[in-house]
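Q: predicted model follows, preceded by the sequence.
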Amino acid sequence: MSVDDKKLKKVIKEGGKRGVEIEGAATMGGLEFFCTKVEEPEGDVAMLLKSVEAMNAPCDDAEEERKGGAGDIGKMIFSTNDERVAIVAHVPESKKDRVNAKEWLAFVVGHFEGKVLDGDNLIASGEILANPDKGIFTLKVRDEALTKGIEYLRSKGCFPEASADDSDDDVVFGDDFDFENA
């Protein structure tokens, strides 16, 4: 097995697990759209697309371990390395009249001098490049971009508004949960 094959296997495994987590959190929290991060693609847009494919794969009930299952949930997924934040936005066919993946992504990357690399109304990919001279660091930008993704969803009425009496426990965002150590 080559290094690329091993990497792809890790990306798909993490994506499949994250898909189950997204589907569960969306069901519990009543969310139709989700913003979160993954580690294994390490800022590689092509690998991040594979991760999202694994998240969207239908669950096979015959499998011992559930994987995927998040195909009906709109999502924006982030992955970083030292040079870039890779981003993929996915909108299921059933939600395309409410959110356009390419517009959602363009809104987010536009705040950080990033760019949309490819996409349409259902799936789009893009990146934000680091620029230490301008104070643009990927980990900081990733978290800010995730917040911008949620801001866009709220502007479309697709994500619950935060209210003063809400606690952090009321809404499951998925971006700050330590899935590996849960």
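A: That came through, no problem.
Q: helices along the protein, start to end?
A: Using DSSP state H, the helices of the chain run over residues 3-29, 45-56, 101-110, 138-155.
Q: okay if I get these as CSV plus distance to residue 95 and mean pLDDT?
A: For glycine as for every other residue, the C-beta is placed from the backbone atoms N, C-alpha and C. Rendered in CSV, the data for the helices of the chain read as follows (distance: least, Cβ to Cβ, whole Å; pLDDT from 0 to 100):
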stretch, distance to residue 95, mean pLDDT
helix 3-29, 12, 93
helix 45-56, 13, 98
helix 101-110, 10, 98
helix 138-155, 11, 97
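Q: and of the ones you listed, who's closest to residue 82?
A: helix 138-155 (6.4 Å; Cβ to Cβ).
Q: the closest one: how far from the chain's middle?
A: Remark: helix 138-155 is offset 10 Å from the chain centroid, using Cα atoms, centre = their mean, to the nearest Å.
Q: what helices and strands are in contact with that helix?
A: Contacts of helix 138-155 with other secondary structure elements, assessed using 3 or more Cβ pairs under 8 Å, 6 or more residues apart in numbering; DSSP states H and E, are made with strand 33-37, strand 74-80, strand 84-90, helix 101-110, strand 123-129.
Q: which stretch among these comes nearest residue 44?
A: Of all the helices and strands packed on helix 138-155, it is strand 84-90 that lies closest to residue 44, at 6.3 Å by Cβ to Cβ.
Q: pairing partners for that closest one, with directions?
A: For strand 84-90, the paired strands and their directions (DSSP bridges) read strand 74-80 (antiparallel), strand 123-129 (antiparallel).
Q: identify, out of those, the most deeply packed stretch.
A: strand 74-80 (a mean of 26; mean count of other Cβ atoms under 10 Å).
Q: re earlier: how about TSV for the strands paired with strand 84-90, with distance to residue 12 and mean pLDDT added?
A: TSV is the format used below for the strands paired with strand 84-90 (distance: least, Cβ to Cβ, whole Å; pLDDT from 0 to 100):
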stretch	distance to residue 12	mean pLDDT
strand 74-80	14	98
strand 123-129	17	99
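Q: to residue 160, which of these lies closest?
A: Nearest to residue 160, of all the strands paired with strand 84-90, is strand 74-80, at 14.1 Å by Cβ to Cβ.
Q: what's the angle from the closest one to helix 101-110?
A: With axes from the mean of the first three to the mean of the last three Cα atoms, to 10 degrees as the basis, strand 74-80 and helix 101-110 are set at 40 degrees to each other.
Q: contacting residues around the closest residue to residue 37 other than its chain neighbours?
A: Take residue 37 and drop its neighbours on the chain: the residue closest to it by Cβ to Cβ, 6 or more residues apart in numbering is residue 78, 4.5 Å away. Taking Cβ atoms under 8 Å, 6 or more residues apart in numbering, we find residue 78 in contact with 35-38, 85-87, 142, 145-146.
Q: bridged to the residue nearest the centre of the chain, which residues?
A: Most central in the chain under Cα atoms, centre = their mean is residue 77, positioned 1.5 Å from the mean C-alpha point. Going by DSSP bridges, residue 77 is paired in beta bridges with residue 36, residue 88.
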